[in-house]
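Chemist: Sharing a sequence plus its predicted fold:
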Amino acid sequence: MKKEKIEKDILIIYFIIEIILYLSFLIIDLFFNNSLNNVSSPIKYSTIIINLLFLIILTIFKFKIEKLIVIFAFIFTSISDYFLLFKNDNNSFLIGLITFNIVQLIYFFRFHYLYFSLKKFLLSLIFYLLFIHY
């Protein structure tokens, strides 16, 4: 019973923090016309990091392979968004784009892992990799 209470408390704290951060960057973006972009972007990025931490905590309480897959996706999302939001050169953009594609592949894998067979997953992956260049 105590474990469920802790999980519920963590969930409430998580939602409160996310709502505060969301409202913060929404107000900054709506009313300050990008003049505070150097404040807004870190707030947006912090929501991704908090989502990752929250997911890790949930996985500690109730381990499931699906959660582990999503954790890897969030790690690459964090890397991707860091390079796309805070770095302004071509190499950083390329790193952000590559890690973003890795995130899409991880979610692709997760979807097929949950709903399809390994054979269908491998066939779909081959088609994805063939057409990713076009």
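Modeler: Perfect, I can see it now.
Chemist: Nearest residue to Glu7 in space, ignoring adjacent ones along the chain?
Modeler: Phe61 (5.7 Å; C-beta to C-beta, 6 or more residues apart in numbering). Using the backbone N, CA and C atoms, a C-beta is placed for each residue, glycine as well.
Chemist: The one you found: neighbour count?
Modeler: Here the number of neighbours of Phe61 (other C-beta atoms under 10 Å) works out to 12.
Chemist: And for Val70?
Modeler: By other C-beta under 10 Å, the burial measure for Val70, its neighbour count, is 20.
Chemist: For Phe109, see how far away it is.
Modeler: For Val70, the distance to Phe109 equals 11 Å [C-beta to C-beta, to the nearest Å].
Chemist: which strands and helices sit next to the longest helix seen in the chain?
Modeler: Taking DSSP state H as the criterion, the chain has its longest helix at helix 2-31. The criterion is 3 or more C-beta pairs under 8 Å, 6 or more residues apart in numbering; DSSP states H and E, and the helices and strands that helix 2-31 contacts are helix 37-61.
Chemist: how far is the helix it packs on from where the chain is centred?
Modeler: Taking C-alpha atoms, centre = their mean, to the nearest Å, one finds the center of helix 37-61 at 8 Å from the center of the full chain.
Chemist: what about Asn33, which SS state?
Modeler: For Asn33, the secondary-structure state derived from DSSP: H, G, I helix; E, B strand; the rest coil is coil.
Chemist: For it, grab the count of nearby residues.
Modeler: The number of residues packed near Asn33 is 9, by other C-beta under 10 Å.
Chemist: spatially speaking, which residue is in the middle of this protein?
Modeler: Nearest residue to the geometric centre of the chain (C-alpha atoms, centre = their mean): Phe74, 3.6 Å.
Chemist: what number of residues lie near Leu30?
Modeler: Counted with other C-beta under 10 Å, residues neighbouring Leu30 total 8.
Chemist: hang on, the earlier thing: run the chain-centre distance for the longest helix of the chain.
Modeler: Taking mean C-alpha positions (C-alpha atoms, centre = their mean), helix 2-31 and its chain are 16 Å apart.
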